[in-house]
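Novice: Turn this into a model:
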Amino acid sequence: MKGLLNLLFFCIPLATTGRTIVVAPGTSVNNLRQAVILAANGDTIRVKKGTYTSLNTLVDKSLTIIGEGQPMLDARFREEVLTITAGHVKLDGFVVVNTKTGSMRDFAAIRVSNAENVTLSNNILRNNFFGIYLSNCRHIQVLSNQISGSNDIENSGNGIHLWKCKEVLIRGNHITRHRDGIYFEFAKKCLIEDNLSEKNIRYGLHFMFSDDDTYRHNTFRNNGSGVSVMYTRRIAMLNNTFIENWGSTIYGVLLKEITDARIEGNHFIRNTTGIYMENSDRITVTRNDFISNGWAMRVLASCNKNYFTRNNYTGNSFDVTTNGTLKEIYFSDNYWDKYEGYDLDKNGTGDVPYRPISMYAQIIEQNPQSVMLMRSFIVNLIDKVERAIPSITPESVKDEKPRIKPWKRS
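Specialist: Below is the predicted model of the structure:
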């Protein structure tokens, strides 16, 4: 990671010594396209406050383009707003609005294509089909932008979209009302941190075929689902908050056909399902807090060699469920608020194992309508009998060292 951060640091465009071109309404240079034509590599363009029509303005030179007083670039629903194809470009301080929408082409507010060392910072994007669209790029920084879509399911693309990119930094952005807040496809060795992705139609963050990425210290709130990771390897998910991703078939994190991932230090709060795992192997889930979820975790029988340690499970309706016989799934040193064992030697660890899969959870997994019996006397009774003498729940799934008290986080 240190190497990646160092590499990203050097992506920052260097200070230039070229000319400065000023764009302002009512002057001889009154639009951005004209300024780019006049400029040479290394120049700076300063755009004064005002509203400028921008129909896919092409930036094909290495420029620093600064908006002063948040000037507006408006495509008037006729085209994309801006396309960057040159390296060493910085775009900062603009309001970018009103791209065209369509089913045959992904119209974007800011498109960066086949470029390296580009910084997009402190921009406000509103009412666009796609927000920021990166394709075949490397060493790009997307910093502190406010990106808001239309919330229309038929006319919403992704807030930040990456296709075939490498070593991209996405930091400090707020993305809302798009299809996916952030979407990765064939994007590798990227860092996503300190973003807020909320109220998006589908996922707050979505990975497809994107290996070796890290996301940390982000908040995913009230999305269709929090994060989806599919067909991907070696993802690190660290210290994020997944909160109130709530509804039928909604998840804090959805994992499908991934391997060798780390899920550490996250908070899963009031989600329908905290983590859903399918065909996922060699996943380490440690030091997470699962609080007041419907299901803390649903681990399907197709998952293998996964480890769950030092987590806190409190206030969840169900701690763990599955749809079959789990093999090579290991629990150890977790705190379970439903644990009713004892600690005679006072070492902080329960003296009898805890079985996190309840019989009632298994019944609901097969017959969802039986949820109407929840918290009834008969359900409590059969759960206690099942934990004492397992007959339906997987006998191998147990925490041999359940914690008596919750883990305290620093």
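Novice: Just grab the bridge partners of the residue nearest the centre of the chain for me.
Specialist: Nearest to the geometric centre of the chain sits L205, at 3.0 Å (CA atoms, centre = their mean). Per DSSP bridges, the residues bridged to L205 are I182, V227.
Novice: Contacts only, for it.
Specialist: By CB atoms under 8 Å, 6 or more residues apart in numbering, L205 lies in contact with 180-184, 192, 197, 215, 218, 220, 226-228. For the C-beta atoms, the positions are set from N, CA and C on the backbone; glycine is no exception.
Novice: Make a markdown table out of the residues you listed and add neighbour count, distance to V168 and pLDDT.
Specialist: Compiled in a markdown table, the contacts of L205 are given as follows (neighbours: other CB atoms under 10 Å; distance: CB to CB, whole Å; pLDDT from 0 to 100):
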| residue | neighbour count | distance to V168 | pLDDT |
| --- | --- | --- | --- |
| D180 | 26 | 16 | 97 |
| G181 | 34 | 15 | 97 |
| I182 | 32 | 10 | 98 |
| Y183 | 25 | 12 | 97 |
| F184 | 29 | 9 | 97 |
| I192 | 28 | 9 | 98 |
| S197 | 28 | 16 | 97 |
| Y215 | 24 | 12 | 96 |
| N218 | 27 | 15 | 98 |
| F220 | 29 | 19 | 97 |
| G226 | 34 | 21 | 93 |
| V227 | 30 | 17 | 95 |
| S228 | 23 | 19 | 95 |
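Novice: tell me how far stretch 280-297 is from the chain's mean position?
Specialist: 16 Å (CA atoms, centre = their mean, to the nearest Å).
Novice: Can you tell me which helices and strands the strand ranked longest in the chain packs against?
Specialist: The residue-count maximum for a strand in the chain (DSSP state E) belongs to strand 160-171. If contacts are counted by 3 or more CB pairs under 8 Å, 6 or more residues apart in numbering; DSSP states H and E, strand 160-171 sits against helix 2-9, strand 130-135, strand 138-143, strand 182-188, strand 191-193.
Novice: what do you get if the cut-off is 6 Å, keeping everything else the same?
Specialist: Packing contacts for strand 160-171, counted by 3 or more CB pairs under 6 Å, 6 or more residues apart in numbering; DSSP states H and E, involve strand 130-135, strand 138-143, strand 182-188, strand 191-193.
Novice: In its sheet, which strands sit next to that strand, and in what direction?
Specialist: In the sheet, strand 160-171 lines up with strand 130-135 (parallel), strand 138-143 (parallel), strand 182-188 (parallel), strand 191-193 (parallel) (DSSP bridges).
Novice: Need the contact partners of the shortest one.
Specialist: Yep, that's strand 191-193 we're talking about. 169-171, 214-217 (CB atoms under 6 Å, 6 or more residues apart in numbering).
Novice: Name the next helix or strand downstream of it, please.
Specialist: strand 196-198 (DSSP states H and E).
Novice: Let me know the pLDDT of the residue nearest to the centre of the chain.
Specialist: Note for L205: predicted pLDDT of 96.
Novice: next one: the one 3 residues further on
Specialist: pLDDT recorded at M208 is 96.
Novice: Against L162, how distant is the closest residue to it other than its chain neighbours?
Specialist: In space, and not counting its chain neighbours, M208 is closest to E185: 4.6 Å by CB to CB, 6 or more residues apart in numbering. E185 sits 7 Å away from L162, going by CB to CB, to the nearest Å.
Novice: How about F186?
Specialist: 8 Å.
Novice: between these two, which one's more packed in?
Specialist: Using other CB atoms under 10 Å as the criterion, F186 and L162 rank with L162 on top: 30 against 15.
Novice: Distance of that one relative to A187?
Specialist: Counting by CB to CB, the gap from L162 to A187 is 4 Å.
Novice: With T44 instead?
Specialist: Taken as CB to CB, the span from T44 to A187 is 30 Å.
Novice: what about the two, which has more around it?
Specialist: A187 (28 against 18).
Novice: Let me see the contact set for that one.
Specialist: Contacts of A187 (CB under 6 Å, 6+ apart): 162, 165, 210.
Novice: follow-up on the earlier one: can I get the buried ones among the contacts of strand 191-193 as something I can paste into ChimeraX?
Specialist: Buried residues within the contacts of strand 191-193, by 16 or more other CB atoms under 10 Å, are selected in ChimeraX with:
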select :169,170,171,214,215,216
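Novice: Could you list the low-pLDDT ranges of the protein?
Specialist: Low-confidence regions of the chain, defined by pLDDT under 70, span residues 1-17, 359-360, 362-395.
Novice: again, only this time at 80
Specialist: 1-17, 247-249, 324-327, 358-396, 410 (pLDDT under 80).
Novice: And the helices in it, which stretches?
Specialist: Using DSSP state H, the helices of the chain run over residues 2-9, 32-38, 359-366, 377-388.
Novice: Find out how far the shortest one is from the centre of the chain, if you would.
Specialist: Averaged C-alpha coordinates place helix 32-38 at 36 Å from its chain's average position (CA atoms, centre = their mean).
Novice: Just the buried residues of it, please?
Specialist: 32-33, 35-36.
Novice: now, which of these sits nearest V23?
Specialist: A35 (4.9 Å; CB to CB).
Novice: Could you report the distance from that closest one to D152?
Specialist: 33 Å.
Novice: ditto for M297
Specialist: In terms of CB to CB, M297 sits 34 Å off from D152.
Novice: Ok, I66 next?
Specialist: For I66 relative to D152 (CB to CB), the value is 32 Å.
Novice: so I243 sits right up against R221, yeah?
Specialist: Yes - with contact defined as CB atoms under 6 Å, I243 and R221 form a contacting pair (4.9 Å).
Novice: Which one's more surrounded, M297 and D152?
Specialist: Counted by other CB under 10 Å, M297 and D152 do not tie: M297 has more neighbours, with 28 against 12.
Novice: In contact with the more buried one, which residues?
Specialist: M297 touches 274-275, 320, counting by CB under 6 Å, 6+ apart.
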